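Engineer: A predicted structure for the sequence below; I have some questions about it.
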Amino acid sequence: MALLEIVVPDIGDFEEVAVIELLVKPGDSVKAEQSLLTVESDKASMEIPSSHAGVVKSLKVALGDKVSKGSLVLLLEVAGDAAVPASAEPAAPAVIEQKEAPAQVTPTPAAISSVVSSSGPVELRVPDIGDFKDVTVIEVMVKVGDSIKLEQSLITVESDKASMEIPASAAGVIKELKVKLGDKVNIGDLLAVLAGFAQAPATPAIAADLASKVPVAPVNQAQAATDSVVIQLPAAVASTVPAHNPTVAPLGLPHASPSVRKFARELGVPLAEIKGSGHKGRITDLDVQSFTRSVMSGAVQTALIAAQQAAKPAAATQAGDGAALGLIPWPKVDFAKFGPIERKELSRIKKISGANLLRNAIMIPAVTNHDDADITDLEAFRVSTNLENEKSAKSGNNTSVVKVTMLAFLIKACVAALKKYPEFNSSLDAESDNSALIYKQYYHIGFAADTPNGLMVPVIKDADKKGIFQISTEMGELAKKARDGKLSPTEMSGASFTISSLGGIGGRYFTPIINAPEVSILGVCKSTIEPIWDGKAFQPRLMLPLSLTWDHRVIDGAAAARFNVYLGQILGDFRRVLL
């Protein structure tokens, strides 16, 4: 081991800047480019990174100290072969907060032009996508000749656990595509070759005008390697830019160390969309990893929705209150003047689903048929089946007990009805302006699961090929994942028909909203014992309320009535599923 002096690198035209934060202490292990301390001038604050990896031996600065270029920061214990003279130039610090545009830093016309124009082939490769190998390309979103933006999605890949989109690490024109549908890719595989950037070069006059108005934030050593300049937009413009919009220039550097920035770039993660959990909101490696996992689980859709809402002009905002439909504005009331109130944000799931529900309720001419099914015999069979399973488990003949629910029988019954009436298992073809129907040859049944964060809809894939026990097992596993917030996008997509069951909660009938692009949905409420006339006397029968909502553009009333009647017949005598 050897001792290495870590000094303040060239931080531009800043002298005697104050140390406002110490990020390490003696004994800490640091990585190369990890931030050591934060300094602040009257114009900006910045982090001072370490030029080497090692263990902090002693700190040579304290809070409130004034430092300049070359000031000793700390002594670092490094491996003998890693030690270099203290005069070696470390990486440039990263500006994390631009308080005022420094007059000294003015981009030249050539620098501005370099942002919007570049030449030469650029290779786009698969970034680090986590612990996934040989993932399959299931969608190619671009073709040769397309102009693409930074972070625009190129392909969609799918593993056995999740699907995700691979973004572009540069902007330009697609010259060559190196992948096709069905290919297997891994980290580092070549996806495409770009032929320069798509934007037209800025003229000297435009560049000079930009140079006189737009300040440029200094970049760290890792960013300098990308040969790009980060342009800091004025505050007035920044307030209108959504959290992540690849069509505009970045708003400076988020609060993260250079090593974290490098890690985020390798994963293709936009730091501007991450809320840091570190000291004073600093973004850590764990935050980047958590963000990546949330992308895989679909959790960042909330941020995208918020970004879209923030980007809408005032007219579009007014349209959201019904003005676009010719309705009077939504009432705005100061509820506090009538009494105490409490304000709570909607859950992430409700924010995501709310927009879809509103669209579906308005766009689909929906009609609901209500009916009852006699499930007396089916319920008796279900109860006896569960009792037999329990006895078998107690006797040691069965190691696992599967609790069969009525919903599992409903799924199988719906599959039989969908096969007899295939229009209920179809979707309007959006590509043909809804002038054609797509009949699905698969039977993926979604079921609504109540969770602490809101309603989620897991999907039982290929329900026609599975038995009651397998469906019950999968339903239990998916419902638990939903409650724990661990459902993947794949497990919630692809449904061709949905069942919304209120189970034992109560109620008689309701009108479920169709889950577009599906054309129908079945609502089920609590079953009750009712006196049913058998031709001679009233008999107590267990009746299950059914509410079938259907898209009148695809289905007519007679077909809906037949579907409900046939479904009721199957539930009344489950042997019909064999016919």
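Structural biologist: Received it, and whenever you're ready, just let me know what you need. Since the model is a prediction, treat every value here as computed from it, not as a measurement.

Engineer: and Ile471, backbone torsions?
Structural biologist: Main-chain dihedrals, Ile471, degrees, to the nearest 10: phi -60, psi -40.

Engineer: Could you report the separation of it from Gly64?
Structural biologist: 67 Å (CB to CB, to the nearest Å). C-beta here means a position set from N, CA and C on the backbone, and glycine is covered the same way.

Engineer: what do you get for Leu271?
Structural biologist: 29 Å.

Engineer: and what of Ile174?
Structural biologist: 54 Å.

Engineer: which of the two has more neighbours?
Structural biologist: Neighbours per residue, other CB atoms under 10 Å: of Ile174 and Gly64, the larger number sits with Ile174, 21 against 8.

Engineer: Leu544: how many residues sit nearby?
Structural biologist: Neighbour tally, Leu544, other CB under 10 Å: 23.

Engineer: quick one: contacts for it?
Structural biologist: Asp372, Ala373, Asp374, Ile375, Met406, Val524, Cys525, Ser527, Leu571 (CB atoms under 8 Å, 6 or more residues apart in numbering).

Engineer: next one: phi and psi at it?
Structural biologist: According to degrees, to the nearest 10, Leu544 has phi -110, psi 120.

Engineer: and it, how far is that from Gly454?
Structural biologist: The spacing between Leu544 and Gly454, counted by CB to CB, is 25 Å.

Engineer: residue ranges with poor pLDDT in the stretch 251-400 of the chain?
Structural biologist: Along the stretch 251-400 of the chain, the parts satisfying pLDDT under 70 run over 251-254, 256-259, 279-280, 296-325, 397-399.

Engineer: Could I get the full set of helices for it?
Structural biologist: With DSSP state H, counting those that start in this stretch as the criterion, the stretch 251-400 of the chain has helices at 258-267, 285-297, 301-311, 314-319, 348-363, 376-394.

Engineer: For Lys481, give me its contacts.
Structural biologist: Going by CB under 8 Å, 6+ apart, the list of residues near Lys481 reads Pro458, Leu487, Glu491.

Engineer: Is the last one located within a strand, as I assumed?
Structural biologist: Read it as Glu491. No - Glu491 sits outside any strand when classified using DSSP: H, G, I helix; E, B strand; the rest coil, being helix.

Engineer: pLDDT score for it?
Structural biologist: Looking at Glu491, its pLDDT is 91.

Engineer: mind listing what the nearest residue to it once chain neighbours are set aside touches?
Structural biologist: Nearest residue to Glu491, sequence neighbours excluded (CB to CB, 6 or more residues apart in numbering): Pro458, at 5.6 Å. By CB under 8 Å, 6+ apart, Pro458 lies in contact with Gly446, Phe447, Ala449, Met475, Leu478, Ala479, Lys481, Ala482, Leu487, Glu491, Met492.

Engineer: now the helices: where do they sit in the stretch 401-550 of the chain?
Structural biologist: 406-420, 468-484.

Engineer: Format the CA atom coordinates belonging to the last one as PDB.
Structural biologist: The one in question is helix 468-484. Taking Å, rounded to 0.1, in the frame of the first residue of the first chain, the C-alpha atoms of helix 468-484 are listed here in PDB:
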ATOM      1  CA  ILE A 468     -59.000 -26.000 -12.200                       C
ATOM      2  CA  PHE A 469     -56.200 -26.900  -9.800                       C
ATOM      3  CA  GLN A 470     -53.500 -25.200 -12.000                       C
ATOM      4  CA  ILE A 471     -55.700 -22.100 -12.500                       C
ATOM      5  CA  SER A 472     -56.300 -21.900  -8.700                       C
ATOM      6  CA  THR A 473     -52.600 -22.200  -8.000                       C
ATOM      7  CA  GLU A 474     -51.600 -19.500 -10.500                       C
ATOM      8  CA  MET A 475     -54.400 -17.200  -9.300                       C
ATOM      9  CA  GLY A 476     -53.100 -17.500  -5.700                       C
ATOM     10  CA  GLU A 477     -49.500 -16.800  -6.800                       C
ATOM     11  CA  LEU A 478     -50.400 -13.800  -9.000                       C
ATOM     12  CA  ALA A 479     -52.800 -12.300  -6.400                       C
ATOM     13  CA  LYS A 480     -50.000 -12.500  -3.800                       C
ATOM     14  CA  LYS A 481     -47.600 -10.800  -6.300                       C
ATOM     15  CA  ALA A 482     -50.200  -8.100  -6.800                       C
ATOM     16  CA  ARG A 483     -50.600  -7.400  -3.100                       C
ATOM     17  CA  ASP A 484     -46.800  -7.300  -2.700                       C
END
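
Engineer: relative to helix 348-363, how tilted is that helix?
Structural biologist: 110 degrees (axes from the mean of the first three to the mean of the last three CA atoms, to 10 degrees).

Engineer: List the buried residues in helix 468-484.
Structural biologist: Ile468, Ile471, Ser472, Thr473, Glu474, Met475, Leu478, Ala479, Lys481, Ala482 (16 or more other CB atoms under 10 Å).

Engineer: For the second one, give its distance to Lys351.
Structural biologist: Between Ile471 and Lys351 the distance, using CB to CB, works out to 31 Å.

Engineer: And for Phe381?
Structural biologist: 42 Å.

Engineer: Identify the residue nearest Gly568 in space, chain neighbours excluded?
Structural biologist: Gly568's closest residue in space is Ala373 (CB to CB, 6+ apart), at 3.9 Å.

Engineer: How about the contacts made by that neighbour?
Structural biologist: Ala373 touches Met543, Leu544, Leu546, Leu567, Gly568, Leu571, Gly572, counting by CB under 8 Å, 6+ apart.

Engineer: between these, which is nearest Ile364?
Structural biologist: Taking CB to CB as the measure, Ile364 lies nearest Leu546 of the contacts of Ala373, at 19.5 Å.

Engineer: Quick check, the closest one in contact with Asp374.
Structural biologist: No - using CB atoms under 8 Å as the test, Leu546 is too far from Asp374 to be in contact (11.2 Å).

Engineer: Touching both of these two, which residues are there?
Structural biologist: Common contacts of Leu546 and Asp374, defined by CB under 8 Å, 6+ apart, comprise Gly568.

Engineer: if we can go back for a sec, closest to Asp10 out of the contacts of Lys481?
Structural biologist: Leu487 (49.9 Å).

Engineer: Tell me who's in contact with that closest one.
Structural biologist: Ser297, Met456, Pro458, Leu478, Lys481.

Engineer: now the end-to-end length of stretch 273-286.
Structural biologist: Start and end residues of stretch 273-286 are separated by 14 Å (CA to CA, to the nearest Å).
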